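Chemist: Pasting the sequence and the predicted coordinates here, then a few questions.
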Amino acid sequence: MSGHLKVTGIRPLEKLTYLKGFEIEYLNKKGKTKVWELISRQGLNRLEDEVFRGKVYSDGAMIFATNYERTHVVMLREFRVSAGHHVYMLPAGLSDGDEGIEATSVREFKEETGMAFEYVAKAPPRYASVGIVNERVEIAFGYYSGTPSTLFQSEDEEAEVVLVDRNMAMHILENEDVAIRSALLIEHFFNLNPFINVIKTEKGVCQSE
């Protein structure tokens, strides 16, 4: 009998098992020594490469997949342990070793949605949450095909595959918990931001589309 994911407790940790913690020492504008705390999936060499040598890494892919008619976007309603409940977000996952973004996006999309992903383009690696972690992801853009399925998800994943149209996107943005990067992408794709998406009328007055 299959069950559901559920948070059963929270406790502080003195030492991390899967993540690494770092202190970054720096001088503020008055020359005072300060310390910034950061967590990472990677080691010291990577962090030094980024901070001192400006090297750019990619940890994985976020996948923005539409149908060919561009009327629907694939999202997941996924149980996130860190939130304790389901959150709407785009499919995403970490790269395996030196795996490229195209291979990562195709593999992760299949695992999370059961569907095929036709890779078309990507955005450069960008920080996920630069204040606390040095993780960067690339957004892969393309088209989906096939029938949604959860059969390829692991026992640690609980995600409903949702094909989101414009009306559903409005509902999600207004009423559901949604990850911010995913929210911004579907907001932009469906022209749902009343401040950004404005047009000038013949009288020169701006109004929402």
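Modeler: Yep, that arrived. Numbers count the residues shown, from 1 in each chain.
Chemist: Show me which positions of stretch 170-180 end up buried.
Modeler: Within stretch 170-180, the residues that qualify as buried are 172-173, 178-179, counting by 16 or more other CB atoms under 10 Å. Backbone N, C-alpha and C define where each C-beta goes, glycine included.
Chemist: and what of stretch 145-153?
Modeler: Neighbour counts over stretch 145-153 (16+ other CB under 10 Å) mark Gln153 as buried.
Chemist: what's next to it, contact-wise?
Modeler: 74, 110-116, 118, 159-161, 163 (CB atoms under 8 Å, 6 or more residues apart in numbering).
Chemist: quick one: average confidence on that stretch?
Modeler: Per-residue pLDDT values across stretch 145-153 average out to 96.
Chemist: can you check stretch 14-29 too?
Modeler: Mean predicted lDDT for stretch 14-29 stands at 92.
Chemist: after the longest helix along the chain comes which helix or strand?
Modeler: Counting residues, the longest helix found in the chain (DSSP state H) is helix 101-113. Heading C-terminal from helix 101-113, the first helix or strand you meet, by DSSP states H and E, is strand 116-122.
Chemist: Quick one: work out the angle between that next one and helix 101-113.
Modeler: 140 degrees (axes from the mean of the first three to the mean of the last three CA atoms, to 10 degrees).
Chemist: Okay, now the sheet partners of the helix or strand just after strand 116-122, with direction.
Modeler: Per DSSP H and E, the first helix or strand lying C-terminal to strand 116-122 is strand 126-127. Strand 126-127 sits in its sheet next to strand 136-145 (antiparallel), going by DSSP bridges.
Chemist: tell me which residues of the strand it pairs with are tucked away?
Modeler: Neighbour counts over strand 136-145 (16+ other CB under 10 Å) mark 136-144 as buried.
Chemist: ok, so of these, who is nearest Thr66?
Modeler: Nearest to Thr66 out of those is Tyr143 (CB to CB; 6.2 Å).
Chemist: Grab the nearest non-local neighbour of the closest one.
Modeler: Glu118 (4.5 Å; CB to CB, 6 or more residues apart in numbering).
Chemist: Same check on Ile186?
Modeler: Leaving aside its chain neighbours, Ile186 sits nearest to Ala169 (4.9 Å; criterion: CB to CB, 6+ apart).
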